[in-house]
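# Compute the structure for the input listed below.
(chains A and B)
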Protein chains: 2
Amino acid sequence: MREQPGAPGTLICPAPHPAADRIQLGHGSGGKLSAALLRDRFLPLLGNEVLCQGGDAAVVPAGPGQIAVSTDTFVVQPIEFPGGNIGSLAVHGTLNDVAMMGGRPQYLTAGFILEEGLRFEVLDRVVEAMARSAREAGVQVIAGDTKVVERGKADGLYINTTGVGLIEPEFRPAPDRARPGDQVLLSGPIGRHGMAIMAAREGLAFETEISSDSACLVPLVEALRSAIGDDVRVLRDPTRGGVASALNEIAVASGVGVELEERAIPVPGPVLAACEMLGLDPLYVANEGVLLAIVPAARAAAALAALHSHPLGSRSVFIGRVVAQHRGLVSLSTTIGGSRVVDTLPGDQLPRIC
Amino acid sequence: MREQPGAPGTLICPAPHPAADRIQLGHGSGGKLSAALLRDRFLPLLGNEVLCQGGDAAVVPAGPGQIAVSTDTFVVQPIEFPGGNIGSLAVHGTLNDVAMMGGRPQYLTAGFILEEGLRFEVLDRVVEAMARSAREAGVQVIAGDTKVVERGKADGLYINTTGVGLIEPEFRPAPDRARPGDQVLLSGPIGRHGMAIMAAREGLAFETEISSDSACLVPLVEALRSAIGDDVRVLRDPTRGGVASALNEIAVASGVGVELEERAIPVPGPVLAACEMLGLDPLYVANEGVLLAIVPAARAAAALAALHSHPLGSRSVFIGRVVAQHRGLVSLSTTIGGSRVVDTLPGDQLPRIC
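Alright, predicted model coming up:
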């Protein structure tokens, strides 16, 4: 409340903000404002024949066999960062998970939690990035939902995406299929996504800006599939928890050990500098555009050539091998000649990076 | 910071709270705390062969034909209320949407946003309710995700669920299939969910406690399907926006008018009292356990008998009919003999009810 100019001492309530440029609670009501939000801001960008049918659920073909389903919620802060925003990340992150299980991503659902007061211009950029990423990946957003919470009850917006892919029985990579003797491939330099977020959040400036590697990994999976088919034993995108956590999970699931060569693992200079400044280990930093592939040694050269054939995999390398020793553990041969266990971390190295 | 007892004037940081009974930021890290949360609190309740495989995506059979997919995010406040909690609601809400499109719900994904400081005892009750509701509905939770945000950045927890159901071509209810002459059926009294939430939130006390009607509607859909098959033209669960908004959407989608009889629409006494106290119209209040069915007049008696055969539908009634006049509009013949248009509301009647 403030003093009314014409009547000293009298308190009046301020006029409600017109808020024509931002989200209001009513946009989550299921009424006219909700319908306008859908019509004006979501459907023009994400719309397709299925989404525009507008029933309670989308009905889509699902082929003759199995489907791969993955869900992921995105709470990244800041919402926009070099190399992407929460919208592109929400598409890439979930599609990549479907692809890692051998699914060909077809459909995506999107659930939004919008904070009252979120500016439309921000929402528009996020939805545009979702639409572009989905189009590039050849998937359709077939169902969506929008809720609005009061100011302060979300950081601008949170997004859940659930992806559905079609599975063909002759291609079934899985975390429990690594075998001693297999080679571990990495499709690109690590640490970019996590460090881009941290630099943006903390206002860190480096000589070279670090941008997120957020990308759709489907073309790399297709290249591997074409080259060596089901000899692709394990695929994993090392997101939250980084390469270290992803390989630990595979070691446990397959009941094998993994030996990494530190000198083989590419870490961009600015990422390394940022990690040293913040006291972080790049092996634990999140990536959103690289994959780990585990393949039999005899097919490793063909797999590497396949990865190299796509720009996203042009810097792919061998980083280690699967062994029968120290089952369930990952070890690292360091550049100074020693060896150490690379365990999972107890808690957070970097919160809110996806 | 507080003063150190032994050294007056010296400030020390307090010891970190042990927080063994609640969510910490590290539970969202992808490291050991995340794994413990999954192992100790989610898998014992929600686990099944698919979920326990732990890959990036779940791989499940999807039959020969089409699938129905629906996504919904739940931000209800309070988290727990008479008749359910956010967990049971997140299962019922999404499964019901799948069922309304004729899908037989099979799979569910669950994405959690947990607030730092959320007590485990609350989380446990929510996950237990999810597990129980999913079991009763015969669906499996096949994939999940957990993120943690800082204190104040969520109201305890938010949940997204995405449901997948199998479609058989001979049963395809859809919002655009209503035809003039059809009858409108309602499977039970309205307004209970929205008023239960409002009463719990506002601390309103009535002679009779209002409890949410949150329930899985699949058995009612199966009863209708058995009785009259694809003559079930439209199914809709009137959630956010209530019966009024649901019928408006159907009227627009089908290009028809809908005429309702106010006297035929059952509103429980306590719901009516609460609505009068709060100045609300029960036609706009959310339900989570009733459905609207639109069927040809010639099959209406059989449809009503089918609904009556299940306890959840024992109070089913005809509430109106589909007409060729006033296309896209819903009208109400009132108990005092007049008639008025029942439009959709511009914004919120009740925020955060699902």
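
# Grab the nearest non-local neighbour of A:Ala223.
Of all residues beyond its chain neighbours, the one nearest A:Ala223 is A:Ala306 (4.3 Å), with distances taken as C-beta to C-beta, 6 or more residues apart in numbering or on different chains. C-beta coordinates here come from the backbone N, C-alpha and C atoms, glycine included.

# Then the one you found would be within a helix, right?
Yes. Assessed with DSSP: H, G, I helix; E, B strand; the rest coil, A:Ala306 lies in a helix.

# what sits against it?
Residues in contact with A:Ala306 (C-beta atoms under 8 Å, 6 or more residues apart in numbering or on different chains) are A:Ala223, A:Leu224, A:Ser226, A:Ala227, A:Ile228, A:Gly313.

# Output the below-cut-off pLDDT ranges for the stretch 201-350 of chain A.
Along the stretch 201-350 of chain A, the model assigns pLDDT under 70 to residues A:347-349.

# Quickly find the element holding A:Ile67.
strand A:66-74 (DSSP states H and E).

# Inside helices: which ones of the contacts of A:Ala306?
By the criterion of DSSP state H, membership of these in helices covers A:Ala223, A:Leu224, A:Ser226, A:Ala227, A:Ile228.

# Going by distance to chain B, which of the residues you listed wins?
Ranked by distance to chain B (C-beta to the nearest C-beta), the ones in helices among the contacts of A:Ala306 are led by A:Leu224 at 15.3 Å.

# Can you get me a residue count around the closest one?
Counted with other C-beta atoms under 10 Å in any protein chain shown, residues neighbouring A:Leu224 total 29.

# Also A:Gln53?
17.

# For it, report the pLDDT, please.
We have a pLDDT of 81 for A:Gln53.

# In contact with it, which residues?
So A:Gln53 contacts A:Val59, B:Ala174 (C-beta under 8 Å, 6+ apart).

# Kindly recompute the last result at 10 Å.
With contact set as C-beta atoms under 10 Å, 6 or more residues apart in numbering or on different chains, A:Gln53 has these partners: A:Val59, A:Ile142, A:Ala143, B:Met101, B:Ala174, B:Pro175, B:Asp176, B:Ala253.

# try A:Glu136
A:Ser88, A:Val91, A:His92, A:Leu95, A:Ala215, A:Cys216, A:Val218, A:Pro219.

# related to what we said a few turns ago, who wins for neighbours among the ones in helices among the contacts of A:Ala306?
Most surrounded of those: other C-beta under 10 Å gives A:Leu224, at 29 neighbours.

# Might one say that that one is in contact with A:Leu185?
Yes. At 8.9 Å, A:Leu224 and A:Leu185 qualify as touching, with contact defined as C-beta atoms under 10 Å.

# can you list residues touching both of those two?
Joint contacts of A:Leu224 and A:Leu185 (C-beta under 10 Å, 6+ apart) are A:Val232, A:Leu235, A:Leu291, A:Ala293, A:Val295, A:Ala303, A:Leu304, A:Ala306, A:Leu307, A:Gly313.

# Which one of those residues is nearest to chain B?
Closest to chain B out of these is A:Leu235 (8.1 Å), distances taken as C-beta to the nearest C-beta.

# May I have the residues that are in contact with the closest one?
Going by C-beta under 10 Å, 6+ apart, the list of residues near A:Leu235 reads A:96, A:99-102, A:173-175, A:177, A:185, A:187, A:217, A:220-221, A:224-225, A:250, A:291-295, B:55-56.

# Which pLDDT value does the model give the spatially most central residue of chain A?
Central residue of chain A (C-alpha atoms, centre = their mean): A:Gly93, 2.6 Å from the mean position. Looking at A:Gly93, its pLDDT reads 97.

# now the residue nearest to it when sequence neighbours are not counted, which residues is it bridged with?
Nearest non-adjacent residue to A:Gly93, counting by C-beta to C-beta, 6+ apart: A:Asp72, 5.1 Å away. The bridge-partner assignment for A:Asp72, based on DSSP bridges, gives A:Thr161.

# Do I have it right that A:Asp72 meets B:Asp145?
Yes. Under the criterion of C-beta under 10 Å, A:Asp72 makes contact with B:Asp145 at 4.9 Å.

# More neighbours: these two, which one.
A:Asp72 (29 against 24).

# Could I get the pLDDT score of the more buried one?
For A:Asp72, pLDDT reads 97.

# show me what contacts it?
A:89-90, A:92-97, A:159-163, A:239-240, A:354, B:56-57, B:109, B:111, B:143-145, B:147, B:160.

# Kindly report the same for A:Val256.
A:176-182, A:250, A:294, A:321-329.

# Check A:Ala303 too.
Applying C-beta under 10 Å, 6+ apart, the residues near A:Ala303 are A:183, A:185, A:223-224, A:227-228, A:231-232, A:293-296, A:316, A:318.

# Apply 8 Å and report the result again.
A:Ala303 neighbours (C-beta under 8 Å, 6+ apart): A:Gln183, A:Leu185, A:Leu224, A:Ala227, A:Ile228, A:Asp231, A:Val232, A:Ala293, A:Val295.

# What of A:Ser331?
A:Ser331 makes contact with A:Gly257, A:Val258, A:Glu259, A:Leu260, A:Ser339, A:Arg340, A:Val341, A:Val342 under the criterion C-beta under 8 Å, 6+ apart.

# With only the CA atoms kept, save the helix or strand hosting A:Ala129 in PDB.
A:Ala129 is part of helix A:120-137 when elements are defined by DSSP H and E. Presented in PDB, the C-alpha positions along helix A:120-137 are these (Å, rounded to 0.1, in the frame of the first residue of the first chain):
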ATOM      1  CA  PHE A 120       6.800 -13.900 -21.700                       C
ATOM      2  CA  GLU A 121       9.900 -13.000 -23.600                       C
ATOM      3  CA  VAL A 122      11.800 -15.500 -21.500                       C
ATOM      4  CA  LEU A 123       9.200 -18.200 -21.900                       C
ATOM      5  CA  ASP A 124       9.100 -17.600 -25.700                       C
ATOM      6  CA  ARG A 125      12.800 -18.100 -26.000                       C
ATOM      7  CA  VAL A 126      12.600 -21.300 -24.000                       C
ATOM      8  CA  VAL A 127       9.700 -22.700 -26.100                       C
ATOM      9  CA  GLU A 128      11.500 -21.600 -29.300                       C
ATOM     10  CA  ALA A 129      14.600 -23.500 -28.200                       C
ATOM     11  CA  MET A 130      12.500 -26.600 -27.400                       C
ATOM     12  CA  ALA A 131      10.800 -26.400 -30.800                       C
ATOM     13  CA  ARG A 132      14.000 -26.100 -32.700                       C
ATOM     14  CA  SER A 133      15.700 -28.900 -30.800                       C
ATOM     15  CA  ALA A 134      12.800 -31.200 -31.200                       C
ATOM     16  CA  ARG A 135      12.600 -30.400 -35.000                       C
ATOM     17  CA  GLU A 136      16.300 -31.000 -35.400                       C
ATOM     18  CA  ALA A 137      15.900 -34.400 -33.700                       C
END
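
# how about that helix: buried residues?
For helix A:120-137, burial by neighbour count (16 or more other C-beta atoms under 10 Å in any protein chain shown) applies to A:120, A:122-123, A:125-131, A:133-134, A:136-137.

# How about A:Arg240, nearest residue that isn't a chain neighbour?
B:Gly30 (3.4 Å).

# Any residues of the stretch 101-250 of chain A in contact with chain B? List them.
Counting by C-beta under 8 Å from any C-beta of the partner chain, the stretch 101-250 of chain A comes close to chain B at A:101-103, A:107, A:109-113, A:142-150, A:152-155, A:158, A:160, A:162-165, A:167, A:172, A:174-176, A:236-237, A:239-241, A:245, A:249.

# Keep only those of those residues that are in helices.
Judged by DSSP H, helices contain the following of these: A:Ser245, A:Glu249.

# can you give me the strands for the stretch 1-150 of chain A?
A:2-3, A:11-12, A:58-61, A:66-74, A:80-81, A:84-85, A:104-115, A:140-149 (DSSP state E, counting those that start in this stretch).

# Flag every buried residue along the third one.
By neighbour count, and taking 16+ other C-beta under 10 Å as the criterion, the buried residues in strand A:58-61 are A:Ala58, A:Val59, A:Val60.
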